[in-house]
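Student: coordinates only, sequence not included:
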């Protein structure tokens with residue numbers, strides 16, 4: 001289970017919080033113990049708080065690994081600091097994966113941060129009517145916002161391109 005929320009703070013910053021709880025519906029063995037983990041008991045219980053400014057730049061990242069299969073996993077919390085100063089915008093997912101993939105970080109914390117970018121954009125934009133969707137921020141970022149799709153034709157007809165016309169290549173995400 002992954003649960004995410006975005007909050008507006010009194011100091012003008014924004015917090016995006018995520019919690020991941022990994023439970024199995026059956027007893028299972030983990031390499032770190034000779035006793036089975038009972039069905040329903042968490043193997044992972046992790047949370048991350050991403051603090052952003054008005055420009056969506058990461059000002060702080062906190063994490064807590066309250067439940068992990070290995071004590072060593074808690075050390076991965078500190079690896080998230082490589083993203084402080086980065087902007088949550090197009091390319092966020094790539095930056096997170098580039099800096100935290102494999103032995104550089106915890107897979108679960110990395111995956112949470114990737115998705116937290118989407119939660120941040122939707123939550124912060126939704127909390128402030130002045131932060132409206134713009135063509136520049138949305139075109140070609142997903143299937144519905146592809147410049148040949150009906151959504152773009154409806155919202156930003158000047159950017160719509162017929163399906164047969166050559167399409168610009170989106171930047172890597």
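Tutor: Now that the structure is in, tell me what you want to look at. Keep in mind it's a predicted model, so treat the numbers as computed, not measured.

Student: can we go C-alpha only for contacts and neighbour counts from here?
Tutor: Fine.

Student: Could you name the residue of the chain that is farthest from its center?
Tutor: Taking CA atoms, centre = their mean as the measure, the residue most remote from the mean C-alpha position of the chain is residue 34, 34.6 Å away.

Student: Skipping adjacent residues, who's closest to residue 163 in space?
Tutor: Sequence neighbours aside, residue 148 is the residue nearest to residue 163 in space, at 5.1 Å (criterion: CA to CA, 6 or more residues apart in numbering).

Student: how far away is that neighbour from residue 155?
Tutor: Note on residue 148: its distance to residue 155, by CA to CA, to the nearest Å, is 12 Å.

Student: Look at these two and report which has more neighbours.
Tutor: residue 148 (21 against 14; other CA atoms under 10 Å).

Student: so who does the more buried one touch?
Tutor: By CA atoms under 8 Å, 6 or more residues apart in numbering, the contact set of residue 148 is 160, 161, 162, 163.

Student: And stretch 89-103, end to end?
Tutor: 25 Å.

Student: do the same with stretch 50-67
Tutor: 20 Å.

Student: neighbouring contacts of the one helix or strand in the chain whose mean pLDDT sits lowest?
Tutor: Ranking every helix and strand in the chain by mean pLDDT, DSSP states H and E puts helix 135-138 at the bottom, with a mean of 73. Helix 135-138 is contacted from outside by 90, 145, 156, 159, using CA under 8 Å, 6+ apart.

Student: That helix: which residues count as buried?
Tutor: Across helix 135-138, burial judged by 16 or more other CA atoms under 10 Å covers residue 135.

Student: Please compute how far the very next helix or strand once past it lies from its chain's middle.
Tutor: Next helix or strand after helix 135-138 toward the C-terminus (DSSP states H and E): helix 150-155. On the basis of CA atoms, centre = their mean, to the nearest Å, helix 150-155 is displaced by 26 Å from the centre of the chain it belongs to.
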